[in-house]
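Chemist: got a predicted model here, sequence first, then my questions.
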Number of protein chains: 6
Amino acid sequence: MKVLAIGSHPDDIEIGCGGSLIKHRKSGDDVLAIVLTGGGRGGDHIDGSLSATRCLEAHTAGKIMDIEVECWDYQDTEIPETYELVQRIEKLVEAYKPDRVYIPYGQDTHQDHRVTSNVAKSACRKVKQILEYEEPSSYNSFNATYWIDITSHIEQKLEAIKAHTSQGHKQILKIKSIEGLNLYRGYQSHVEYAEGFATFRFLEA
Amino acid sequence: MKVLAIGSHPDDIEIGCGGSLIKHRKSGDDVLAIVLTGGGRGGDHIDGSLSATRCLEAHTAGKIMDIEVECWDYQDTEIPETYELVQRIEKLVEAYKPDRVYIPYGQDTHQDHRVTSNVAKSACRKVKQILEYEEPSSYNSFNATYWIDITSHIEQKLEAIKAHTSQGHKQILKIKSIEGLNLYRGYQSHVEYAEGFATFRFLEA
Amino acid sequence: MKVLAIGSHPDDIEIGCGGSLIKHRKSGDDVLAIVLTGGGRGGDHIDGSLSATRCLEAHTAGKIMDIEVECWDYQDTEIPETYELVQRIEKLVEAYKPDRVYIPYGQDTHQDHRVTSNVAKSACRKVKQILEYEEPSSYNSFNATYWIDITSHIEQKLEAIKAHTSQGHKQILKIKSIEGLNLYRGYQSHVEYAEGFATFRFLEA
Amino acid sequence: MKVLAIGSHPDDIEIGCGGSLIKHRKSGDDVLAIVLTGGGRGGDHIDGSLSATRCLEAHTAGKIMDIEVECWDYQDTEIPETYELVQRIEKLVEAYKPDRVYIPYGQDTHQDHRVTSNVAKSACRKVKQILEYEEPSSYNSFNATYWIDITSHIEQKLEAIKAHTSQGHKQILKIKSIEGLNLYRGYQSHVEYAEGFATFRFLEA
Amino acid sequence: MKVLAIGSHPDDIEIGCGGSLIKHRKSGDDVLAIVLTGGGRGGDHIDGSLSATRCLEAHTAGKIMDIEVECWDYQDTEIPETYELVQRIEKLVEAYKPDRVYIPYGQDTHQDHRVTSNVAKSACRKVKQILEYEEPSSYNSFNATYWIDITSHIEQKLEAIKAHTSQGHKQILKIKSIEGLNLYRGYQSHVEYAEGFATFRFLEA
Amino acid sequence: MKVLAIGSHPDDIEIGCGGSLIKHRKSGDDVLAIVLTGGGRGGDHIDGSLSATRCLEAHTAGKIMDIEVECWDYQDTEIPETYELVQRIEKLVEAYKPDRVYIPYGQDTHQDHRVTSNVAKSACRKVKQILEYEEPSSYNSFNATYWIDITSHIEQKLEAIKAHTSQGHKQILKIKSIEGLNLYRGYQSHVEYAEGFATFRFLEA
């Protein structure tokens, strides 16, 4: 199986579907993660060199998860909803031929997450499986219908999030809260830890 | 894989997920279909002996699909939203241990379909995969997120619907319209014929 | 009655509301169709001259449906969500004074369909009747609440879609699936063939 | 045109669609209103004879609107979601053959309104036009998509609501608020006074 | 401030809004919790004496939270959607005059939770503040719009859940998952621990 | 308490939450209103100097409501969904530190209202209370869950709307309809006049 994950900023993918990606790798699946921006505005701070630092962290996290990570060069907070971006993802999809794509949930407080979700849906219109992952900034209309048991991979997932050391103090609370969410999603689905997804499209061939 | 399908009346299951059930059988899965009523009011007409006739037709259709069919004895149009029914399904689920359950979509003009969907959700709360199938009486809020390619099984599915001969003239239009819907769902998912489902819960273990 | 239909690309209007437009003409209504782009990227292929070809096909289809067609000059896949476009449609609306407008459904995988729907809603804010038509790329949240019986016009509708010969092989499956959808919408509304719409606004004067 | 309106209690119909019913009569349409209970609990008070009084008021209001009113004998606050009631409405529908039915909105704080809406949808599954009317107790998910201009009929509508004199003091505020809502719905639809409806089903034959 | 919490079974209230109730008490508010059934079927097991045991546990939990608890006598899994129950709650509301009511979320896999939510909404139609709390069995359409910071009360909340010792082994996972959810809701709202609610109605007087 | 209100055009804020802002002032709260454009296109007319006139009217209305008003310089109908605007609001929020923000409802026929709502949600992601106000152009999916009693402030609110004299004749109907809506929202919430809001986020600290 070939899996593609698309995120707006470093650490979005780890938070939303990191455990599932690790699980894919353990099962022998190919996994490619695309991060559209270097996250140079870090949500709160703006720093010219931050983008490069965060990309390195994304690669470190990728190593922990044993997945390939590619950082694209869009500007943090300004990901453009354009044909150019749709087409760039489309070309990647045509070359890589993923069976499943993980994308951000489309309703989100953060404009980058909304745009990333929209362009990915346009570009991946022929991909068989599209799952939207959940983030703290997702609107609460997020409706989990697909769960992936990550009980055996939660430690590794949290390690991957911790690799984003530039996020500093904020990360500690974030990590605890993500572990908490995965426990809750686990309980809902009768396992210990799970990640929840909105099923955008799933074709059983 | 063990599969359970639950329907309110004879032919509901064939219409909503017949192609998928045939596909399961072709892949070697076990399939059990439970029909809660004999359909003795046939939607439009009321006839004491109709219920027995329609149950026979359900079994004939079951043979065509190569699946086991069980008719329960609730009254057409009066399926009760009670603990007794929840518990009866629960016991079946505990004994049969299905991996996947197909149930009617919860928002539907027909009261029996609404009740069947509700009690099934209560009774199957520990089943890993629950998919809601679509029927012509479903409210149009039905939101297909899961598609199953039934291109190789459409003929057999239509045969199974035709086995419900007591439904007479009405069936011809119905069969054409269901084939039409499956063509459309197929086109949406880039295959020839497909059945569409709302993903109520899917746990990837 | 004066009717306006707005589409993103050649053949969108035929697919979504072609039967209804033919019906309007048969009843003596005026019908004007606006196609915002020449469809020069055809969804899959990009070809400089394709846009001109497809516009001709749109006019041929228009003749089959006996309606007036106008191709505007926006770029396929890049319809802009701008005041300029809102205002251009607004001026047309002020001059043509339609009683009813058909527009694409607002939630759609294709970015052009989303933008077309949004700008049309802004520009037509004083039109009494706005119906959103359904396309294979519509999100499945599409909720049909308005049906138009097109039983007598289905053949002519399919002919109009066939006029888009540049779409080649893909068209055959598409045509079958649209006929299938119209059969299903017909069955739901107790006629043979119907088109389904989401009622965005309907004022009964 | 033949029109049927169904309400749970005396004055529900006047509030939700009284203006539209008056308009239908002025256009020469037949109008029949069915009130399922006598409203003997009046929302707040319980009084054995109240039901008879309120039925008389419903008939007085009917005279003001020039429509026929029938009071059925279900118990206020206990309208049963049963096949018996579905069938009773179904028989009326088969005999009266309405082209349009007005029913309460299905999501409502009042259990009677929810049940009335559900059974009416089941019983009227072959009626071409079903519009759900809005009441102060409707959940705020009510989504008006269909407006009827009642500018010429607002005075008569308010008179009809006033005929429910047993509702006493409470009525004064209620009448002002309903007039207010109709003004707002009018403004939204570019007329002076309008009633808003959720389009449950509309088939344009 | 006077606060009322309504739950279907022992421990539902602790899970959904226990932290908020403790906080109310610390601020000097009155808090009354009504548990409609003794939970005699415990979800999975059926045992005649279980109901009495669980009621005692509910009172123990109540002491931990410093709130008053009342167990009503409805049958676990068979809470009736009747006027009798609506009226019983209504009388309590008239006597106790709560400013705020906490109720289960209306869309839930468990039939008791659905019914409890519905009857409470009917009975509390004049209460100024109604918040729906979230439970693991809530449908994932649950949309948190109201958060209460319970950082200082999380330990006490977990103690209260632990008081339900008859729930045994299952409780350990449940408690961890609820703590996890409250951490996540906290992170979403920029505090450490929070409970999330759907705002059904909030009137700022 | 510090309150911020954000609107696209002069008079949007008065219409959607004017009564609530007056109430805040009467309770001693600080209130700041930001109007993103001068409304130079007035919805229907375009006039170079209109923008300046309408800004003056906004200040006059501000004096009537006793609140501070600031007009920003974006172009009517062309408010940009950009990082620049998000950041400009963010800076204001960091400096002013509002406890509550009122913003337009996110689903609206007017593109400016949609954009204003989106950018405000991004910029105010750390504000504790965000309420979306309702306008005649809001989509009817608007779901009021939060009501503010403005019975004592309705006269002053209507005076503030009347201050927009450049809107001329149109205003008379608009004012009557807004008063009507507030009466209806009042009736729904058991007071005389109320404004209704969608609760986007409310954190009870």
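Modeler: Perfect, I can see it now. Residues are numbered from 1 along each chain as shown, chains lettered A, B, ... in the order given.
Chemist: give me the number of residues near the residue in chain A that chain C sits nearest to?
Modeler: Nearest residue of chain A to chain C: A:Tyr83, at 4.5 Å (C-beta to the nearest C-beta). For glycine as for every other residue, the C-beta is placed from the backbone atoms N, C-alpha and C. Neighbour count of A:Tyr83, defined by other C-beta atoms under 10 Å in any protein chain shown: 19.
Chemist: dump the residue contacts of it.
Modeler: C:Gln75, C:Thr77, C:Glu78, C:Gln111 (C-beta atoms under 8 Å, 6 or more residues apart in numbering or on different chains).
Chemist: do A:Val101 as well
Modeler: By C-beta under 8 Å, 6+ apart, the contact set of A:Val101 is A:Val3, A:Leu4, A:Ala5, A:Ile6, A:Val93, A:Ala120, A:Cys124, A:Val127, A:Gln129, A:Ile130, A:Leu131.
Chemist: and what of A:Tyr146?
Modeler: Counting by C-beta under 8 Å, 6+ apart, A:Tyr146 touches A:Leu131, A:Gly196, A:Phe197, A:Ala198, A:Thr199, A:Phe202, B:Thr199, B:Phe202, B:Glu204.
Chemist: about what we covered before: may I ask which two of the contacts of A:Val101 are separated the most?
Modeler: Greatest spacing in those, by C-beta to C-beta: A:Val93 and A:Leu131 (15.2 Å).
Chemist: what about these two, which has more around it?
Modeler: Remark: of A:Val93 and A:Leu131, A:Leu131 carries more neighbours, 26 against 18, as counted by other C-beta under 10 Å.
Chemist: phi, psi of the more buried one?
Modeler: phi -120, psi 130 (degrees, to the nearest 10).
Chemist: mind listing the residues bridging to it?
Modeler: Legend: beta-bridge partners of A:Leu131 under DSSP bridges are A:Tyr102, A:Thr199.
Chemist: up against chain B, what does chain A have?
Modeler: Residues of chain A lying near chain B by C-beta under 8 Å from any C-beta of the partner chain: A:126, A:128, A:145-149, A:189-191, A:194, A:199-205.
Chemist: now do the helices in chain A.
Modeler: For chain A, the helices defined by DSSP state H occupy A:12-26, A:50-65, A:83-96, A:111-123, A:154-162, A:169-188.
Chemist: skipping its backbone neighbours, what lies nearest A:Phe200 in space?
Modeler: Distances taken as C-beta to C-beta, 6 or more residues apart in numbering or on different chains put A:Ile130 closest to A:Phe200, at 4.2 Å, once the chain neighbours are dropped.
Chemist: got TSV for the contacts of A:Tyr146, with distance to A:Leu32 and pLDDT too?
Modeler: Formatted as TSV, those follow (distance: C-beta to C-beta, whole Å; pLDDT from 0 to 100):
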residue	distance to A:Leu32	pLDDT
A:Leu131	15	98
A:Gly196	22	97
A:Phe197	18	97
A:Ala198	21	95
A:Thr199	21	96
A:Phe202	20	97
B:Thr199	25	96
B:Phe202	23	97
B:Glu204	19	95
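Chemist: which of these sits closest to chain E?
Modeler: Checking the contacts of A:Tyr146 against chain E with C-beta to the nearest C-beta, the nearest one is A:Gly196 at 7.5 Å.
Chemist: any idea how far the closest residue to that closest one other than its chain neighbours lies from A:Pro104?
Modeler: Leaving aside its chain neighbours, A:Gly196 sits nearest to A:Ala144 (3.3 Å; criterion: C-beta to C-beta, 6+ apart). In this view, A:Ala144 and A:Pro104 are 14 Å apart by C-beta to C-beta, to the nearest Å.
Chemist: A:Lys157 too?
Modeler: Using C-beta to C-beta, we find A:Lys157 at a distance of 17 Å from A:Pro104.
Chemist: the more surrounded of these two?
Modeler: Higher neighbour count among A:Lys157 and A:Pro104: A:Pro104, with 31 against 28, using other C-beta under 10 Å.
Chemist: so what's the nearest residue to that one once chain neighbours are set aside up against?
Modeler: Spatially, and ignoring its direct neighbours in sequence, A:Pro104 is nearest to A:His113 (4.3 Å; C-beta to C-beta, 6+ apart). A:His113 is in contact with A:Ser8, A:Asp12, A:Pro104, A:Tyr105, A:Glu135, A:Ser137, A:Ser138, counting by C-beta under 8 Å, 6+ apart.
Chemist: okay then, goodbye and thanks.
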